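Asks: Provided below for reference: sequence and predicted model.
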Amino acid sequence: MVALTVRSEDFTSSSRLTIKSQEIAEKTTAIRSLDWDRDRFDIEFGLRNGTTYNSFLIQGKKLALIDTSHQKFEALYLEGLGELIDFTALDYLIISHTEPDHSGLVKNILNLAPQVTIVGSKVAIQFLENMVHQPFNSLMVKSGETLDLGNGHQLEFVSAPNLHWPDTIFTYDHQTSVLYTCDVFGMHYCDDYLYDEEPELLTEDFQYYYDCLMGPNARSVLAALKRIQNLEIKTIATGHGPLLNYHIPQWINYYQQWSQAQAKSDNLVVIFYSEDYGYSEQIGRNIAQGLLKTGVTVDLVNLSETDPHEAREFVHEAKGLVIGMPSQHDPIAQTALQTILASVHGKQAIALFESGGGEDEPIFPLRNKFQEIGLTEAFSPILSKNAPTATTQKLAEEAGTDFGQWLTRDKTIKQMKSLDSDLDRALGRLSSGLYLITVQKGEVSGAMFASWVTQASLEPLGVAIAVAKDRAIESLLQVNDTFVLNVLEEGNYQGLMKHFLKRFPPGSDRFTGIKTHQSSNGSPILADALAYLDCTVTSRLEANDHWIIYTTVQTGRVSKVDGVTAVHHRKVGNHY
């Protein structure tokens, strides 16, 4: 066993990046990576006071590291950590979630400590396998499970999915009463002070951080608060900003109040799945991803851990329900299923999917029972006997998006009528060209009619495209993805418009009956296009209800030199 040397150190670089380590409890050290000058965090919000990335060491009979740091701190962090421990004696690396600002140096730690066991939620371990591309020892943990480091340091894990990452867990040390929460209760605030001594200086940044990252998942915040309410907490060790020590009840109360206000939703969809049975959780999350694009509130609920009272509460609050078929031999899930069936009413929408576990509850008899009660079917049952392919996952996501668009249709119509008529007509005078975006990504293809397209740079040649968040193709336009931008010809686009503007069933082939040939990046080129451009997504900027997709152009060709680009003239400016 290595002896953990606890010192207050300041390893400084010339670019205003600083590493500080400081003892926060018995045999427990905070390692803070201070980024003094950072003025933006990803694409989400601007920063006024920089930020910090916090990780922690706990020394029992075994040695554990909780989280790492951002890749930009690679040299400083590894040097500072090496001053505190012998890497060959590191037993565990606990990953609170796999967002790169916390897991950016996991691969480096594995290279220095190949013996280490990485601890995380099931989803986190799966994400890491795709991130580090090398074998590693792992331990998947669920809510309520513990890990004994010795010398009284018994760690208990608390599931906190969707805060704000799907794989988030908290870690609670029963020896020191320190709760490690990663993003939750954090803030982007860089300061020499380790703790929250002066809350009046922090409250604005604390709320700003909550609004940007936690507010959209308010129901998940409330669920997490419920799971930690019986813990005696002396320190909240956050992943960003100062640690909370002096005013913990105040900070928790803020989260409670803000989340209760945010969680009141007219459009809640509850997705019931069975964790660790077949592919229930994976398909459920794919559906949730599609629903969230439309602004619908989503709760993911494990049927195998839901008592009848909780099931009734979820059904009572929901406008829509999605159920993944559980095992016929799971008594808790079967009881919850019967409670759901007894609690629904005819004004709700319902959708079902198979879990692929081999002994699923039969889907069609249950479907008939819901239809007899009068529930509207949101989408046709998703049938998956085997491991979901990329096509199946895309089908599930599109089904979720369709469901969300149906639930929010009245709100959408209201918004379309809300603009001032003069402003509306003035915006409508902004004309644009007509284009078709086509994508092929492995087994999955997609297409979208587009008009908000413009050249955005000369060096490199770049194009910007506005894509609504609830478009099915949006998930195929991530950074480094490739696609073809087809330029449509005046007088020769009506057939394509009629085809691609119709509503396609989830998972269907958009290109059936359309003549295409393959571009160099693998995506379809429309045979009737006036011109095409091969594009690679370089960055994305959030613009409320749209993503601005900036792309660099690799190649292009015009099929008819004297052809003219089709132009879209609108009468109003608040919808296409």
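Replies: Good, I have the coordinates.
Asks: and the pLDDT for Leu530?
Replies: Note for Leu530: predicted pLDDT of 94.
Asks: over to Arg510?
Replies: pLDDT at Arg510 comes out at 86.
Asks: ok, it - contacts?
Replies: Ser445, Gly446, Ala447, Phe500, Phe504 (C-beta atoms under 8 Å, 6 or more residues apart in numbering). All C-beta spots, glycine's among them, are computed from the backbone N, C-alpha and C.
Asks: excluding chain neighbours, what is closest to the last one?
Replies: Among residues not flanking Phe504 along the chain, Arg510 sits closest, at 5.9 Å (C-beta to C-beta, 6 or more residues apart in numbering).
Asks: the one you found: what secondary structure?
Replies: Under DSSP: H, G, I helix; E, B strand; the rest coil, Arg510 falls in the coil class.
Asks: re the thing from before, and the two most separated of the contacts of Arg510?
Replies: In the contacts of Arg510, two members sit farther apart than any others by C-beta to C-beta. They are Ser445 and Phe500, at 12.5 Å.
Asks: can you name the residues that contact the residue nearest the centre of the chain?
Replies: With distances taken as C-alpha atoms, centre = their mean, the residue of the chain nearest its centroid is Trp165 (5.2 Å). Neighbouring residues of Trp165 by C-beta under 8 Å, 6+ apart: His97, Thr98, Glu99, Asp183.
Asks: can you tell me which of those has the most neighbours?
Replies: Counting neighbours by other C-beta atoms under 10 Å, His97 leads the contacts of Trp165 with 26 neighbours.
Asks: so Asp422 is in which element?
Replies: Taking DSSP states H and E as the definition, Asp422 sits inside helix 421-428.
Asks: what about His499, neighbour count?
Replies: 17.
Asks: in this protein, which helix has the most residues?
Replies: helix 390-407 (DSSP state H).
Asks: buried ones in that helix, by neighbour count?
Replies: Neighbour-count burial for helix 390-407 flags 392-405, 407 (criterion: 16 or more other C-beta atoms under 10 Å).
Asks: packing partners for it?
Replies: Helices and strands touching helix 390-407, as assessed by 3 or more C-beta pairs under 8 Å, 6 or more residues apart in numbering; DSSP states H and E, comprise strand 268-273, helix 280-293, strand 320-324, strand 349-353, strand 444-450.
Asks: neighbouring contacts of that helix?
Replies: For helix 390-407, contacts defined as C-beta under 8 Å, 6+ apart pick out 267, 269, 282-283, 286-296, 319-320, 322, 349, 351, 353, 378-379, 382, 384, 388, 412, 441-444, 470-472, 475, 506-507.
Asks: if any of those are buried, put those into a PyMOL selection.
Replies: Typed into PyMOL, the line below selects the buried ones among those, using 16+ other C-beta under 10 Å:
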select buried, resi 267+269+282+283+286+287+288+289+290+291+292+293+294+295+296+319+320+322+349+351+353+378+379+382+384+388+441+444+470+471+472+475+506+507
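Asks: residue ranges with poor pLDDT in the stretch 251-400 of the chain?
Replies: Scanning the stretch 251-400 of the chain with the threshold set as pLDDT under 70 gives 265.
Asks: likewise the chain?
Replies: 1-15, 39-47, 265, 410-420, 573-576.
Asks: okay, now the domains of it?
Replies: Following automatic domain parsing, one finds the domains of the chain at 9-263, 268-411, 421-568.
Asks: any idea how far apart the tips of the last one sit?
Replies: Which is domain 421-568. 20 Å (C-alpha to C-alpha, to the nearest Å).
Asks: report the distance from that domain to the chain centre.
Replies: 25 Å (C-alpha atoms, centre = their mean, to the nearest Å).
Asks: from here on, count from 2
Replies: All set: I'll call the first residue 2, so the last point we hit is now domain 422-569.
Asks: by contact count, what packs against whichever strand or helix holds His310?
Replies: His310 belongs to helix 309-318 when assigned by DSSP H and E. Under the contact criterion of 3+ C-beta pairs under 8 Å, 6+ apart, helix 309-318 touches strand 269-274, strand 298-303, helix 332-344.
Asks: so which of these is the most surrounded?
Replies: By mean neighbour count, with neighbours taken as mean count of other C-beta atoms under 10 Å, strand 269-274 ranks first of these at a mean of 25.
Asks: ok, that one: who's next to it in the sheet?
Replies: strand 298-303 (parallel), strand 321-325 (parallel) (DSSP bridges).
Asks: for it, C-alpha coordinates in CSV please.
Replies: Only the C-alpha atoms of strand 269-274 are listed here, as CSV (Å, rounded to 0.1, in the frame of the first residue of the first chain):
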residue,chain,number,x,y,z
LEU,A,269,-44.6,14.2,-19.8
VAL,A,270,-43.8,10.8,-21.3
VAL,A,271,-42.8,8.0,-19.0
ILE,A,272,-40.7,5.2,-20.5
PHE,A,273,-40.9,2.0,-18.5
TYR,A,274,-38.0,-0.4,-19.2
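Asks: what angle do strand 269-274 and the helix holding His310 make with each other?
Replies: Relative orientation of helix 309-318 and strand 269-274, computed by axes from the mean of the first three to the mean of the last three C-alpha atoms, to 10 degrees: 140 degrees.
Asks: list the buried ones in stretch 108-123?
Replies: Within stretch 108-123, the residues scored as buried using 16+ other C-beta under 10 Å are Lys108, Asn109, Ile110, Leu111, Ala114, Val117, Thr118, Ile119, Val120, Gly121, Ser122, Lys123.
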